[in-house]
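# Predicted model and sequence below, questions to follow.
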Amino acid sequence: MRNHPPIIEDYRIERVIKMYDRSKKTKAEINSFEVNPLNALHSSHENAFRTFNNVVLCNLELDEKLKYLVEMNQTGVNYFRMILNDGKPMQFTVEGNAYQTVGKYSSDWFYFDPWLAQLMTAVALRDNAAIKLLCKIPVADFQKAKPEFTDTFDIALMPMIQGLFSTEANHVELIQNMMAHTGPENYTAMRAPYATQVLMPMANLMVMALSNVDEAHYHHTWRKALESHVSYWTMDQDLKNSYNGWVAFPIIAASVMMYDKKGYKLPADLTDDEKLYVPEWLVYGDFEPQPSVGVDFFEGEV
């Protein structure tokens, strides 16, 4: 894992924060939440996501980390809310500011990968209202909006993940269907490394939350999954430099599920590198409960 994520000394903390604030101000001038809320939500989410990865590497105070994580949740979930509630009046809150708007459909960023990223954020924050909303979205909506970004494997994986949050789901059937679509014919050659090195190890860990696996076996599988994550995000220089892989959200989400459902902790001998990828405070929920996006939900909306 050496040199990935990038060495902390390469970053100046003040520059990271100023970069985010300047970028956000520019985006706000162009795409204000009042004038173009969909674009503003998306751009603010990307800024918060990038900055969260940076502040984790810089090991800023917990309040700073939480601030950007909460904003990721607020902007990401409300982006999906707007698309799902086309033409309906709605309200959303970002950084303590409430905005009144009307839902508006868009196929932009409405496909499996952004959905999974948002679900993982909601799981990390234990925002049950956000999780419930995201689990209502049928995979068919993504097939319609972005068929070119929806592989057969995604079509099998998404309902399996959604089923993990439902006591009424046929878990055996969903898991078997997902496993039946792990072959190379179910994803493009370009997507194959991500599917096999990130998504499948994540799914394997998540499924353990329903099984009788012992903690030692979980720890072994957890380390294999993290090694696979690092392997993917260091495949080439572009991936290595991408902040998307600096914090291992797929592993974090699965770890949260294992801790919350089974009480299984992370390996006791975590290395410093492993702690960067999977912050213990997130897995164990060592922070004050944060505001749920559900406070803004109107009766009758999706």
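On my side now, so go ahead.

# looking just at contacts, which helices and strands does the biggest helix by length in the chain meet?
The helix spanning the most residues in the chain, taking DSSP state H as the definition, is helix 62-84. Secondary-structure packing of helix 62-84 (3 or more CB pairs under 8 Å, 6 or more residues apart in numbering; DSSP states H and E): helix 37-57, strand 89-94, helix 112-125, helix 128-134. Quick note: C-beta positions are derived from backbone N, CA and C, even for glycine.

# change it to 6 Å
Identification of packing neighbours for helix 62-84 by 3 or more CB pairs under 6 Å, 6 or more residues apart in numbering; DSSP states H and E yields helix 37-57, strand 89-94, helix 112-125.

# Out of these, the one nearest residue 140 is which?
With CB to CB as the criterion, residue 140 lies closest to helix 112-125 of these, at 11.7 Å.

# For the stretch 201-302 of the chain, which segments count as helices?
Counting by DSSP state H, counting those that start in this stretch, the stretch 201-302 of the chain has helices at residues 215-233, 237-241, 249-262, 272-277, 280-283.

# how about low-confidence regions in the stretch 1-150 of the chain?
Along the stretch 1-150 of the chain, the model assigns pLDDT under 70 to residues 1-31.

# Tell me how far residue 216 lies from residue 61.
Between residue 216 and residue 61 the distance, using CB to CB, to the nearest Å, works out to 35 Å.

# what's the burial count for the nearest residue to residue 270 once chain neighbours are set aside?
By the measure of CB to CB, 6 or more residues apart in numbering, the closest residue to residue 270 outside its immediate chain neighbours is residue 280, 7.4 Å from it. By the measure other CB atoms under 10 Å, the count of residues near residue 280 is 14.

# Kindly state the pLDDT recorded for residue 280?
The predicted local distance difference test score for residue 280 is 97.

# Residue 88 - nearest residue in space that isn't next to it in sequence?
Setting aside the residues directly before and after it, residue 88 is nearest to residue 103 in space (CB to CB, 6+ apart), at 4.7 Å.

# Look at residue 139 and say how many residues are nearby.
Residue 139 is flanked by 18 other residues according to other CB under 10 Å.

# what sits against it?
Applying CB atoms under 6 Å, 6 or more residues apart in numbering to residue 139 gives the contacts 155, 158.

# For residue 200, pull up the helix or strand it's in.
helix 200-207 (DSSP states H and E).

# Which of the three states applies to residue 35?
coil (DSSP: H, G, I helix; E, B strand; the rest coil).

# So what's the residue count around it?
9.

# can you check residue 141 too?
Burial measure for residue 141: 17 neighbouring residues, criterion other CB under 10 Å.

# Could I get the phi/psi values of the residue nearest to it when sequence neighbours are not counted?
The shortest distance from residue 141 to any non-neighbouring residue, by CB to CB, 6+ apart, is to residue 110 (7.3 Å). The phi/psi pair for residue 110 (degrees, to the nearest 10) reads phi -110, psi 80.

# Can you verify my assumption that residue 110 contacts residue 145?
Yes: under the criterion of CB atoms under 6 Å, residue 110 is in contact with residue 145, at a separation of 4.5 Å.

# more neighbours, those two?
Shown here are residue 110 and residue 145; by other CB under 10 Å, residue 110 has more neighbours (20 against 17).

# Distance of that one relative to residue 153?
Counting by CB to CB, the gap from residue 110 to residue 153 is 18 Å.

# Does residue 78 touch residue 90 like I think?
No: when contacts are counted by CB under 6 Å, residue 78 is not listed as touching residue 90 (8.3 Å).

# between the two, who's got more neighbours?
In this comparison of residue 78 against residue 90, neighbours counted by other CB under 10 Å, the higher total goes to residue 78 at 28 against 20.

# which residues touch the closest residue to the more buried one other than its chain neighbours?
The shortest distance from residue 78 to any residue other than its chain neighbours is 4.0 Å, reached at residue 92 (CB to CB, 6+ apart). Each residue near residue 92 by CB under 6 Å, 6+ apart is listed here: 78, 99, 296.

# excluding its backbone neighbours, what's nearest the last one?
In this case it means residue 296. Sequence neighbours aside, residue 91 is the residue nearest to residue 296 in space, at 4.7 Å (criterion: CB to CB, 6+ apart).

# number of nearby residues for the one you found?
Residues lying near residue 91 (other CB under 10 Å) number 14.

# I'd like the distance between it and residue 301.
The separation that residue 91 has from residue 301, given CB to CB, amounts to 10 Å.

# next one: phi and psi at residue 99?
As for residue 99, its main-chain torsions (degrees, to the nearest 10) stand at phi -130, psi 140.
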